[in-house]
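got a predicted structure plus its sequence, pasted below:
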Amino acid sequence: MAKSIEQVAGELADREGIRELPLKYCDCVWRNDMTGIVDLFAPDGEFITKGFKREHRASGRDALLKLYGGLTQGELTPRPYIHNHVIDLQGNGRATGRCYVELRNLKNNMEWVGSGYYEDEYAKAGDEWKFKSRTFRTVYMSVNPG
Amino acid sequence: MAKSLEQTVMELADRDQIRELPQRYCDCVWRGDVDGLVNLFADEGVFTIIGNQRETTNKGKAELLKTYKSALAAVTPRPYIHNHVIELKGGGRATGRCYVELRDASNNLSWLGTGHYQDEYVKVGDDWKFQSRRAQMVHMEPKLASGTSGMQEKK
């Protein structure tokens, strides 16, 4: 059955709301706005990093604030560029997506340091879309992200 | 005459779907999902690559599957897409252009090259597909040049 114009417009608005999340995330990282990053997550949102040797999980607002508070303390002060964002609406205020990131390092003349991708789950809270979870998988990283 | 609200919304929906095609293409390349990649093309879809003073064209799903399988295994590219512009032509047709950077998964994501795609899009049922992609390489590192020269050549 063909979608009504209201359904088409609603899905477009959902996609636009979701598309902005990884963009705002990068914008917050660039501006060192750690509270802004955490505000993009649902209250029980999770950030999971999967490297080659270890996995780390931060769940909930306090853990996320602690995690992102340490973002610039290692060898890397990341400056991200996001690419290739694909989105699948799942219905009932849920969606999934994947996007790819390149990182440059402010601490070293914006040297290109690596790349990876995020596997995201999104949830609609009221009128806003939020990250329900972000799983970052490193593909290559020349420095230790701290 | 001004467009109706319904026309405007449907054009936005068309643009949104078309915008996703090159993004999904890159996502499939990253994940090595050749079937997914070829399913982004119409049944008689065409892929052409131009570089190193030669032009190679493949048409239809069987040829595309064969070509992408061998090329992605040989080169292991990891693409990022940029600057996508779209022109709706009406009647379920559109054209677009977008720019790509490639890195190499088998060499610490070193830079492989860059170029641009000249695309034709066609609406098949409710879905937009690539009718054709014409990849004009602007710079290719030796590994990329060698990998693309192995693609199945058709006149």
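Here it is on my side, so go on.

what's the helix or strand for B:Val138?
When elements are assigned from DSSP states H and E, B:Val138 belongs to strand B:127-140.

contacts for that strand next, please.
By Cβ atoms under 8 Å, 6 or more residues apart in numbering or on different chains, the residues outside strand B:127-140 that reach it are B:14, B:17-18, B:21, B:25, B:40-42, B:44-52, B:93-94, B:100, B:112-123, B:144, B:148. Every C-beta, even on glycine, is put in place using the N, C-alpha and C of the backbone.

what packs against the lengthiest helix in chain B?
Secondary structure of chain B per DSSP state H: the longest helix is helix B:5-31. Applying 3 or more Cβ pairs under 8 Å, 6 or more residues apart in numbering or on different chains; DSSP states H and E, we find helix B:5-31 packed against helix A:5-30, strand A:78-91, strand A:94-105, helix B:34-38, strand B:77-90, strand B:93-104, strand B:110-124, strand B:127-140.

the third one near chain B anywhere?
Looking back up the chat, that one is strand A:94-105. Yes. Counting by Cβ under 8 Å from any Cβ of the partner chain, chain B is contacted by strand A:94-105 at A:Arg98, A:Tyr100, A:Glu102.

most neighbours among those, please name it.
A:Tyr100 (24 neighbours; other Cβ atoms under 10 Å in any protein chain shown).

which residues pair with that one across the strands?
Per DSSP bridges, the residues bridged to A:Tyr100 are A:His83, A:Tyr117.

show the contacting residues for the residue positioned nearest the centre of chain A.
In chain A, the centroid-proximal residue (Cα atoms, centre = their mean) is A:Pro22; its distance is 4.8 Å. Applying Cβ under 8 Å, 6+ apart to A:Pro22 gives the contacts A:Ile82, A:His85, A:Gly97, A:Cys99, A:Tyr118, A:Asp120.

again, only using 10 Å
By Cβ atoms under 10 Å, 6 or more residues apart in numbering or on different chains, the residues touching A:Pro22 are A:40, A:80, A:82-83, A:85, A:87, A:97-101, A:118, A:120, A:131, A:134.

right, and out of those, which lies closest to A:Ile48?
Checking those against A:Ile48 by Cβ to Cβ gives A:Arg134 as the nearest, at 7.1 Å.

the host helix or strand of that closest one and chain B in contact?
A:Arg134 is part of strand A:128-141, with elements assigned from DSSP H and E. Yes. Remark: strand A:128-141 sits within contact range of chain B at A:Val139, A:Tyr140, A:Met141, by Cβ under 10 Å from any Cβ of the partner chain.

which positions in chain A make contact with chain B?
Counting by Cβ under 10 Å from any Cβ, chain A comes close to chain B at A:2-6, A:8-9, A:11-13, A:15-16, A:19, A:81-87, A:97-102, A:112, A:114-117, A:139-142.

now, of those residues, which are buried?
A:5, A:8-9, A:15, A:19, A:82-87, A:97-102, A:112, A:114-117, A:139-141 (16 or more other Cβ atoms under 10 Å in any protein chain shown).

average pLDDT across stretch A:98-117?
In this model, stretch A:98-117 has an average pLDDT of 97.

same check, this time on stretch B:32-41
Across stretch B:32-41, the average pLDDT comes to 98.

looking at the residues of strand A:128-141 next to chain B, spot the one nearest chain B.
Set against chain B, the nearest of those by Cβ to the nearest Cβ is A:Tyr140 (4.3 Å).

okay, now the nearest residue to that closest one once chain neighbours are set aside: neighbour count?
Spatial nearest neighbour of A:Tyr140, chain neighbours left out: B:Leu109 (4.3 Å); criterion: Cβ to Cβ, 6 or more residues apart in numbering or on different chains. If you count neighbours by other Cβ under 10 Å, B:Leu109 ends up with 21.

next: A:Met34.
19.

quick check, it in contact with A:Gln73.
No. A:Met34 is beyond contact range of A:Gln73, at 11.8 Å (criterion: Cβ atoms under 10 Å).

tell me the pLDDT at B:Gln152?
So, for B:Gln152, pLDDT stands at 48.

could you do the one 3 residues further on as well?
The score at B:Lys155 is 41. That number is its pLDDT.

go on, A:Lys53?
76.

low-confidence ranges in chain A?
A:145-146 (pLDDT under 70).
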